[in-house]
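Colleague: Quick one: sequence and predicted model below, then my questions.
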Amino acid sequence: MKKLLIISLLLLVGSNGFGQKDSITFSIDPTIKTIVESKINDSLFTGLPMRGMLTYMNPIIINYWENDSLIISRTDENKGLIFKSFYYQMEDTLVIDGAFGMFGGSGFSIKFINDKPYVYHMLASDETPSYTKTINGELKHRIEVPCRDVKLTISSIPTKNDTANIYGIVSFTSNEYYHSAGTSNGEEIKPRVKIKAYMKIYFKSGFLDIEKLK
């Protein structure tokens, strides 16, 4: 179990550049902590020594399209799924990652450069490469998809050596990306599915010391 958790953690840590072009509605509000704490609940994994990654039950609010058809529309904030989240410093960049699911997952990656946020829809598979940004692109374990209509509120932007938890709410609509159902004898078993997602996520992120993962 511990090995799988570390593999999952490493899948989440990554950077695909800063190509986002759309504007973001962004604010800092310390009182957001109260709202977030009212939405999330402890999970069976809360309190485990997971190198700074926080895990809890979190409501999933999502619209999910496959090949331009709305497949899922879930707005019930009372039903939660396991969610994991953390933040870390990488050179001059602060990164906040969060995803539903224990191994791999679907969620967000927020990167701050000079206190300016860039928000991506993050997808990570825990077994075989499954995602690509383009119909003919190479399948990868993790991709970060640019978003539009982004709204982000966080409790604070940590300064260097600050390890306090970050609280926030983010919503976005992703650009389109593609998912593969898997391969057999080196060939994909089904045509790739075109996907787009809207998500609204409450998050509480702990500090991850990535130096200790090396």
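Modeller: Yep, it's here. Numbering: from 1, shown residues only.
Colleague: partners of the strand or helix carrying residue 57 in the sheet?
Modeller: Assigned by DSSP states H and E, residue 57 falls within strand 54-59. On the basis of DSSP bridges, the sheet neighbours of strand 54-59 come out as strand 41-42 (antiparallel), strand 80-90 (antiparallel).
Colleague: Need the contact partners of it.
Modeller: Residues outside strand 54-59 that contact it (C-beta atoms under 8 Å, 6 or more residues apart in numbering) are 39-43, 45-46, 48, 76-86, 100, 102, 165, 201-206. From N, CA and C alone the C-beta is placed, and that goes for glycine too.
Colleague: Would you mind extracting the C-alpha trace of it into CSV?
Modeller: C-alpha atoms of strand 54-59 as CSV (Å, rounded to 0.1, in the frame of the first residue of the first chain):
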residue,chain,number,x,y,z
LEU,A,54,-3.8,15.6,2.7
THR,A,55,-6.6,13.2,2.0
TYR,A,56,-10.3,13.7,2.8
MET,A,57,-13.8,13.2,1.4
ASN,A,58,-14.7,16.0,-1.0
PRO,A,59,-18.0,16.7,-2.9
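Colleague: Let me know the average pLDDT across it.
Modeller: Strand 54-59 comes out with an average pLDDT of 92.
Colleague: can you check stretch 129-136 too?
Modeller: Here stretch 129-136 scores 94 as its mean pLDDT.
Colleague: Tell me the buried residues in that stretch?
Modeller: For stretch 129-136, a neighbour-count test (16 or more other C-beta atoms under 10 Å) marks 130-133 as buried.
Colleague: Of those residues, which belong to helices?
Modeller: In helices, defined here by DSSP state H, there are no members of the buried residues of stretch 129-136.
Colleague: In these, find the pair that's most separated.
Modeller: 130 and 133 (12.5 Å; C-beta to C-beta).
Colleague: Going by residue numbers, what spans are helices in this structure?
Modeller: 2-12, 32-39.
Colleague: which secondary element of the protein has the worst mean pLDDT?
Modeller: helix 2-12 (a mean of 41; mean pLDDT, DSSP states H and E).
Colleague: Quick check: the residue of the chain most remote from its centre vs residue 156, distance?
Modeller: Residue farthest from the centre of the chain, counting by C-alpha atoms, centre = their mean, is residue 185 at 31.4 Å. Here the criterion is C-beta to C-beta, to the nearest Å. By it, residue 185 lies 51 Å from residue 156.
Colleague: Could I get the pLDDT score of residue 196?
Modeller: 97.
Colleague: what do you get for residue 101?
Modeller: For residue 101, the predicted pLDDT is 87.
Colleague: my guess is it meets residue 81, correct?
Modeller: Yes - Residue 101 lies in contact with residue 81 (C-beta atoms under 8 Å); the separation is 7.5 Å.
Colleague: rewinding a little: list just the nearest of the buried residues of stretch 129-136 to residue 112.
Modeller: Using C-beta to C-beta, residue 133 comes nearest to residue 112 of the buried residues of stretch 129-136, at 22.4 Å.
Colleague: Which residues are in contact with that closest one?
Modeller: 143, 145, 175, 177-178 are the contacts of residue 133 under C-beta under 8 Å, 6+ apart.
Colleague: Now which of the contacts of strand 54-59 would you call buried?
Modeller: 39-40, 43, 45, 80, 82-86, 100, 102, 165, 201-206.
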